[in-house]
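> I would like to see how this sequence folds:
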Amino acid sequence: MPYFDLSIYGSEWALLIMRIALAAVFLTHGLSKRGMWKAAPSDSMPPSQLWLMRILSVIEPIAGIGVLFGIFTALSAYAIAIVMIGAMYYKIAVWKKKFSETGGWEFDLVLFAAALIIAAFGPGVFSLAMY
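Take a look at the predicted model:
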C-alpha cells in the first residue's frame, strides 16, 4: 500500500503534478528567450550562441505546452530531455560548473529525470492523451 495516496488515481495525480511543474519551468524559460530574436551578436553572445537561444525560444515553450496538455507527450518530453543534456554539457564542459555550486547542474539533472519519467510513463489519464 502506498504511503501517500490521493485516491485510486494516486500515480495519475503524481504524473499530472510532474507535468505541470516541468511545463511551468519550460514555458517560463522559453518565453523569456523571446528577446533573442531582436538581439544582435556581441562579445558576450556570439552568433552561434544567439542562434541556439533563438531555437530554444521556440522549442522550450512548444515542448512545455505539449507536456502540460499531454499532446505528443513523449516527443515533447524527449525534446526537453535533449535540451537538458545540452544544458548540462554546457555547464560541465564549457562553464566548468560543479554539481551543486551556484549555477550548477543539479536542477538540470532533475528536469532531465522528470522529462524521462514522463516520456516513459506517458501523460496519464488527466491529459488530452496524444502520444
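
> Next up, the contacts around residue 76.
With contacts taken as Cβ atoms under 8 Å, 6 or more residues apart in numbering, residue 76 has the following neighbours: 62, 63, 64, 65, 66, 67. Any C-beta I mention is one placed from the backbone N, CA and C, and that applies to glycine too.

> could you say which helix or strand contains the fifth one?
With elements delineated by DSSP states H and E, residue 66 resides in helix 47-69, which encompasses its position.

> May I see the buried residues of that helix?
Applying a neighbour-count criterion of 16 or more other Cβ atoms under 10 Å, one finds 50, 52-53, 56-57, 59-69 buried in helix 47-69.

> which of those lies closest to residue 33?
For the buried residues of helix 47-69, the residue nearest residue 33 by Cβ to Cβ is residue 57; the value is 3.6 Å.

> That closest one - nearest residue in space that isn't next to it in sequence?
The shortest distance from residue 57 to any residue that is not its chain neighbour, by Cβ to Cβ, 6 or more residues apart in numbering, is 3.6 Å, and that residue is residue 33.

> Count the neighbours of the one you found for me.
Burial measure for residue 33: 19 neighbouring residues, criterion other Cβ atoms under 10 Å.

> swap in the one 5 residues further on?
When neighbours are defined as other Cβ under 10 Å, residue 38 has 6 of them.

> try residue 115
When neighbours are defined as other Cβ under 10 Å, residue 115 has 26 of them.

> so where's this protein shaky on pLDDT?
Applying pLDDT under 70 to the chain flags residues 1-8, 130-131.

> measure the residue positioned nearest the centre of it to residue 10 for me?
Residue closest to the mean C-alpha point of the chain, counted by Cα atoms, centre = their mean, is residue 80 at 4.2 Å. Distance, residue 80 to residue 10, by Cβ to Cβ, to the nearest Å: 24 Å.
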